[in-house]
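Enquirer: predicted model and sequence follow; I will ask about them next.
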Amino acid sequence: MISSSTRVLALLGDPVRHSMSPEIQNAAFGEAGVDGVYVALQCGVEDLVGFMRGLARAGGGGNVTLPHKEKAAAVVDAPSDAVRRTGACNTFWGGPDGRVYGDNTDVAGVRRALRAFVGDPAGMRVLLLGAGGAARATLMGLLEERVGEVAILNRSLERARAVARRIGGHRARVVQATLELRGQSFDLVVNATRLGLSPEDPSPLDFEVLDRVGAAMDLIYGARTSSFLRAASDYGVRCTDGADMLVFQGAASFECWWDRPAPLEAMRRALGRVLSR
Ligand code: NAP
């Protein structure tokens, strides 16, 4: 029951109408029996600081999504290591000391999803497509999982170089063009580009240029199979979409707010209900 002590957690972004997080989080709150409610608030950049500070000060918090994750990283008073290294914040909450705490749970989300998909990724050779916010979180997650090497391929070369410099260290290398990959083998390919969000999008990778691929993971999720996953399965590669990552990053956010394990199965069921509509 919503009462005067109910904590308000809000998703701040523009747009937010498509988000599945309210259903997933409210199902989790109900299952765990915590006194909270999760809503989605359309929020322009000019209102972000006010919403974040106000919600946190009222004892709540929330998530931040496109296009505000980088701006949110500058708002939080106590950023996690993931926020500092990726320069992005997707989860915030008010602490008892009055400060706004922030984390980037895309990092924990991708790590847990990777482990569920490939087991222990330590030592793997990985090809990462993209250099935006999701790619930065993925690169940090891959390095924390002690993969052997990450090759980064992105439409804008400069953005890929900047990501490799900021997060990658000596284990990341930038690939200038797909042809450079000819004959190479990877244990895992991750699509962290937006290509595939629209049904007309081409695959961001021509698998035929590669010699061998062990597994393919798309961060995109939804009822429809993305062009990347279609290309991967045509090439005979084992694949998964971003649904697990979505649930795991939501679970990590839940754990930031409530300091207890998230009810994963209830969250998965809620996502399944949304996707089947
Ligand atoms: P972003 O910061 O806007 O980055 C977009 C990326 O896609 C950039 O690398 C961009 O390349 C590339 N791109 C865009 N249009 C392209 C095109 N026409 N051709 C080639 N590359 C193109 O977005 P983001 O936040 O990283 O999100 C990326 C994807 O990850 C989205 O589909 C999002 O839904 C998904 N995601 C999933 C989860 C999950 O929990 N499963 C979490 C976060 C994000 P340039 O640098 O050249 O522009």
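Expert: It's in.
Enquirer: first vs last residue of stretch 233-252, how far apart are they?
Expert: 30 Å (CA to CA, to the nearest Å).
Enquirer: hmm, it touching the ligand?
Expert: Yes - Stretch 233-252 is in contact with the ligand by CB under 6 Å from any ligand atom, via 242, 245, 246, 249. Every C-beta, even on glycine, is put in place using the N, C-alpha and C of the backbone.
Enquirer: between these, which is closest to the ligand?
Expert: Taking CB to the nearest ligand atom as the measure, residue 242 is the one of the residues of stretch 233-252 next to the ligand closest to the ligand, at 2.8 Å.
Enquirer: so the closest one makes contact with residue 219?
Expert: Yes - using CB atoms under 8 Å, residue 242 is in contact with residue 219, at 4.1 Å.
Enquirer: mind checking which of those two has more residues around it?
Expert: Taking other CB atoms under 10 Å, residue 242 and residue 219 do not tie; residue 219 has more neighbours (27 against 24).
Enquirer: ok, the more buried one - contacts?
Expert: If a contact means CB atoms under 8 Å, 6 or more residues apart in numbering, then residue 219 has 110, 134, 138, 190, 191, 192, 242, 245 as its contacts.
Enquirer: most neighbours, which of these?
Expert: When neighbours are taken as other CB under 10 Å, the top entry among the contacts of residue 219 is residue 138 (33 neighbours).
Enquirer: okay, it: pLDDT?
Expert: pLDDT for residue 138: 98.
Enquirer: may I have stretch 256-264 exported as PDB, CA atoms only?
Expert: Extracted as PDB, the C-alpha positions of stretch 256-264 are listed here (Å, rounded to 0.1, in the frame of the first residue of the first chain):
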ATOM      1  CA  CYS A 256      21.600  -0.100  -4.500                       C
ATOM      2  CA  TRP A 257      18.300   1.200  -3.300                       C
ATOM      3  CA  TRP A 258      17.200  -1.600  -0.900                       C
ATOM      4  CA  ASP A 259      20.500  -3.100   0.200                       C
ATOM      5  CA  ARG A 260      19.200  -6.700  -0.300                       C
ATOM      6  CA  PRO A 261      19.200  -9.300  -3.100                       C
ATOM      7  CA  ALA A 262      16.800  -8.500  -5.900                       C
ATOM      8  CA  PRO A 263      14.000 -11.100  -6.700                       C
ATOM      9  CA  LEU A 264      15.400 -12.000 -10.100                       C
END
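Enquirer: for the residue of the stretch 1-150 of the chain found nearest the ligand, which non-adjacent residue is spatially closest?
Expert: As assessed by CB to the nearest ligand atom, the ligand sits closest to residue 132 within the stretch 1-150 of the chain, at 2.0 Å. Setting aside the residues directly before and after it, residue 132 is nearest to residue 192 in space (CB to CB, 6 or more residues apart in numbering), at 6.9 Å.
Enquirer: which of the helices or strands spans residue 46?
Expert: helix 45-57 (DSSP states H and E).
Enquirer: is the helix or strand that comes right after that helix in proximity to the ligand?
Expert: Toward the C-terminus, helix 45-57 is succeeded by strand 61-64 as the next helix or strand (DSSP H and E). No - remark: strand 61-64 sits outside contact range of the ligand, by CB under 6 Å from any ligand atom, the gap being at least 10.8 Å.
Enquirer: show me what from the stretch 101-250 of the chain comes close to the ligand.
Expert: Counting by CB under 6 Å from any ligand atom, the residues of the stretch 101-250 of the chain close to the ligand are 106, 109, 130-135, 154-156, 159, 192-195, 197, 204, 219-221, 242, 245-246, 249.
Enquirer: switch the cut-off to 5 Å
Expert: By CB under 5 Å from any ligand atom, the residues of the stretch 101-250 of the chain that approach the ligand are 130-134, 154-156, 159, 193-194, 219-220, 242, 245-246.
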